[in-house]
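Novice: return atomic coordinates for the entry below.
(one chain, ligands or ions: 1)
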Amino acid sequence: MAWDFETDPEYQEKLDWTAEFVREKVEPLDYLFPHEQFVPLDDRKRKIIDPLKDEVRAQGLWATHLGPDLGGQGFGQLKLALLNEILGRSLWASLVFGTQAPDTGNAEIIAHYGTQEQKDKYLLPLLNGECFSTYSMTEPHAGADPTLFTTKATKDGDEWVINGWKYFSSNAKTASFLIVMAVTNPDVSPYKGMSMFLVPTDTPGVKIERNVGLWGEPMNEGWHALIHYDEVRVPEDALLGGEGQAFVIAQTRLGGGRIHHAMRTIGMAQKAFDMMCERALSRETQGSLLADKQFVQGYIADSYAQLIQFRLFVLYTAWEIDKYNDYKRVRKDIAVAKVVMPTILHDIAWRAMQVHGALGTTNEMPFFGMIHGAGVMGLADGPTEVHKVTVARQLLRDHRPAEGMWPTEWIPGKIDAAREKYGEILELEVGNL
Ligand SMILES: Cc1cc2nc3c(=O)[nH]c(=O)nc-3n(C[C@H](O)[C@H](O)[C@H](O)COP(=O)(O)OP(=O)(O)OC[C@H]3O[C@@H](n4cnc5c(N)ncnc54)[C@H](O)[C@@H]3O)c2cc1C
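Specialist: Numbering: from 1, shown residues only. A predicted model of the protein is given here:
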């Protein structure tokens, strides 16, 4: 009977090391270099960050999402979940550990579908933390429904020519290359008529029209590019995977990405929770600590209940992925984690902010950033509504319509059936059942 909630002692040691390392050495980077994780390192930053990466490598914790053949540890998702929930406390941590999105997902699909030449050119520098990459799929007029995408790639001799617009191509302004999804055959179903291309960012015709910022960031200095692909010519071998394989590749990529976000969200929500508890125990008003007020106790209990349910569910889903080694088979539960994650973070961060009073609303505390992050999570990698549809469809597959006019659990029908089954044996008057 293997159903266990304990962590192996050796791995627990690694987690303990990680927790202290992140707290003491990585979290300070969030305050020194806020939102600069995807800016290529200058010499000044290298002096701090390269030795930190070396420490991670020495612990055997670099790029743990990848198998040993690609320089990772092949830890699997469950171990990764336990690690990622620690990394979720800091914006810089994923970078220092070589597990930052979107590069992780991009690395996974190149590892899975790339040719040896593509791996040498794109994957190795990515794995060594020497470059950044972008996943360029969403279009300005369509995100949640990829069948509406119109960016196309047409064959011209031994080249592909890409034309169209992409939106929210995160980190494009510092990425070395882009993975672009484009229609290659408009005459078949979109599920079979789109392909993925590896496009160096400096290819002529790749025009970043805007760097869209999130709320609070300066206009046009954000990280989410609106890109015009204007007669972008790439060689035949820029195709990633086979022609028409874009949807299959996208699913491989997003399955991992979504659950990794969920893992890191645990860490962020835990941080908000810890801050709420600290404040409740520190602040006094109207004759007692906040911790003694029943409303505040309610916030704490509700937050813990949400967090622990979410954490156990994410760990369970990670365990399932390891067990079946197939994201598709676990698609429903990954979608549930994706659906739940924004609410968990929003609710806990919101309560933590409330307990901090006016201070909680300021830019001297991180709560609005977390709440904003929760909003983003409800969209990035697909809107919550679409994931709910996935969940419901999969669940309904395991159910059947009622055979007659009445529901199967209709009580009068159940009474009749029970009488038929046992009434005679028991010789009871069962009229009042
Ligand atoms: C911070 C951030 C980073 C991102 N990074 C990337 C990236 O790197 N690469 C990339 O390609 N994309 C990226 N995206 C884009 C993201 O994938 C899209 O925002 C998402 O797929 C939704 O597309 P949309 O924004 O066009 O919304 P729309 O498709 O316009 O949908 C808008 C709303 O309509 C509703 N809706 C949509 N479909 C349904 C439905 N079937 N049923 C019910 N309601 C529905 C939902 O409320 C949804 O939020 C990023 C987004 C964010 C916010």
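
Novice: how far away is the residue in the chain positioned nearest to the ligand from residue 149?
Specialist: Nearest residue of the chain to the ligand (Cβ to the nearest ligand atom) works out as residue 143 at 2.0 Å. Just so you know, the C-beta spots here come from the backbone N, C-alpha and C atoms, and that holds for glycine as well. As judged by Cβ to Cβ, to the nearest Å, residue 143 and residue 149 stand 9 Å apart.

Novice: before we move on, what about residue 321?
Specialist: Taking Cβ to Cβ, one finds residue 321 at 28 Å from residue 149.

Novice: again with residue 281
Specialist: Distance from residue 281 to residue 149, by Cβ to Cβ: 52 Å.

Novice: out of these two, which sits in the busier spot?
Specialist: Neighbours were counted for residue 281 and for residue 149 using other Cβ atoms under 10 Å; residue 149 has more, 23 against 12.

Novice: what residues does the chain have near the ligand?
Specialist: 102, 135-138, 142-144, 168-170, 224, 376, 379-383, 385-386, 389 (Cβ under 6 Å from any ligand atom).

Novice: give the contact list for residue 22.
Specialist: Counting by Cβ atoms under 8 Å, 6 or more residues apart in numbering, residue 22 touches 86-87, 89-90, 93.

Novice: adding neighbour count, secondary structure and pLDDT, write the residues you listed out as JSON lines.
Specialist: Below are these laid out as JSON lines (neighbours: other Cβ atoms under 10 Å; DSSP: H, G, I helix; E, B strand; the rest coil; pLDDT from 0 to 100):
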{"residue": "86", "neighbour count": "25", "secondary structure": "helix", "pLDDT": "96"}
{"residue": "87", "neighbour count": "28", "secondary structure": "helix", "pLDDT": "96"}
{"residue": "89", "neighbour count": "20", "secondary structure": "coil", "pLDDT": "93"}
{"residue": "90", "neighbour count": "23", "secondary structure": "coil", "pLDDT": "95"}
{"residue": "93", "neighbour count": "29", "secondary structure": "helix", "pLDDT": "96"}
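
Novice: now intersect the residues of the chain next to the ligand with the strands, please.
Specialist: Counted as lying in strands by DSSP state E, out of the residues of the chain next to the ligand, are 135-136, 168-170, 224.

Novice: of these - the most surrounded one?
Specialist: Compared across these, residue 136 has the highest neighbour count, 31 neighbours, by other Cβ under 10 Å.

Novice: that one pairs with what?
Specialist: Beta-bridge pairing for residue 136 (DSSP bridges): residue 180.

Novice: now do it, the pLDDT please.
Specialist: You'll see residue 136 listed with a pLDDT of 97.

Novice: swap in residue 256?
Specialist: At residue 256, the predicted lDDT confidence score is 74.

Novice: and the host helix or strand of it, how far out from the chain's middle?
Specialist: For residue 256, the enclosing helix or strand under DSSP states H and E is helix 246-282. In this view, helix 246-282 has its centroid 7 Å away from the chain centroid, taken as Cα atoms, centre = their mean, to the nearest Å.
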